[in-house]
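Enquirer: next input, structure requested:
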Amino acid sequence: MNNGSSRTITGEKTGLRQGTATRRAGKVTAAKIMVAAKEVLEQEDVSRFTMRNVAERADISLANVQYYYKTRGDLIEALFVELEKIYQQAYDDHLRTVGTSPTERFKAVLNFNFNEITSSKTRRFFVQLWAVIGSLDDFSGAKFGQLYAIDIAQLSFHISALVPDESQEEVTRRATLLAAVIEGLMIVGGEQDMNSPWTRSLLKSAEALAFRIALGDQALFSEV
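Expert: Below you'll find the model as predicted:
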């Protein structure tokens with residue numbers, strides 16, 4: 001993986017029908033559909049996230065969308081893969097600006113995530129995506145787990161660099177807890193000005209907590 005930033009977790013499952021989007025024109029069309037799907041969730045009401053409205057935004061026919069993605073569930077599966085690619089590239093770009101120290105890189109990963117969760121565009125997208133996911137899997141949590149496996153894998157990679165002798169099971173546990181902290185801040189924090197003293201103080205405390213989680217500070221986990 002470029003710049004040692006992460007590992008891929010979604011594998012080959014893309015939501016695309018087998019045999020589709022293998023030629024250049026097909027790949028271009030599939031990419032247009034992904035852009036349109038993401039824009040609907042970012043810019044419109046969640047009720048607008050339908051195959052027909054995605055087709056309209058992509059300026060292609062509904063039949064063409066359904067050729068590549070037969071159901072809304074297939075479209076969401078493909079969107080998961082697209083999100084992984086987007087965030088992988090964003091991580092890589094961000095980490096090119098920092099040194100090679102695991103501590104420095106972990107701090108950069110935290111700063112990247114904190115910038116994301118204070119963005120109104122990001123928050124709107126994920127809140128609406130959650131609603132769509134919930135309706136698709138009957139609120140069982142299966143697709144939520146699939147979505148957040150992306151985040152957990154990213155965080156696990158950098159936690160492993162901080163504590164190379166720790167077991168993968170323990171690293172994943174810490175990454176899962178940290179992912180929950182980050183997502184929780186996005187939910188309860190609301191729209192925030194990154195430059196306000198209150199927000200800076202909140203995120204500084206979150207950074208300290210993140211390091212304690214990553215390093216396995218036993219004070220956090222001791223039984224009461």
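Enquirer: what is the end-to-end distance of stretch 187-194?
Expert: Terminal residues of stretch 187-194 lie 16 Å apart, using CA to CA, to the nearest Å.
Enquirer: actually, stretch 94-104.
Expert: End-to-end distance of stretch 94-104: 12 Å, with CA to CA as the criterion.
Enquirer: also stretch 184-202?
Expert: Terminal residues of stretch 184-202 lie 13 Å apart, using CA to CA.
Enquirer: show me the contacts for the residue nearest to the spatial centre of the chain.
Expert: In the chain, the centroid-proximal residue (CA atoms, centre = their mean) is residue 151; its distance is 5.3 Å. Taking CB atoms under 8 Å, 6 or more residues apart in numbering as the contact definition, residue 151 lies against 179, 182-183. (Glycine included, C-beta is placed from N, CA and C.)
Enquirer: I'd say residue 136 and residue 142 touch.
Expert: No: the criterion here is CB atoms under 8 Å, and residue 136 misses it with residue 142 at 9.3 Å.
Enquirer: which one's more surrounded, those two?
Expert: Applying other CB atoms under 10 Å to residue 136 and residue 142 shows that residue 136 carries more neighbours, namely 17 against 12.
Enquirer: need the pLDDT of the nearest residue to the more buried one once chain neighbours are set aside.
Expert: If the residues on either side of it in the chain are set aside, residue 136 comes closest to residue 73, at 5.3 Å by CB to CB, 6 or more residues apart in numbering. In the predicted model, residue 73 carries a pLDDT score of 88.
Enquirer: and if you look at residue 224?
Expert: On pLDDT, residue 224 comes in at 37.
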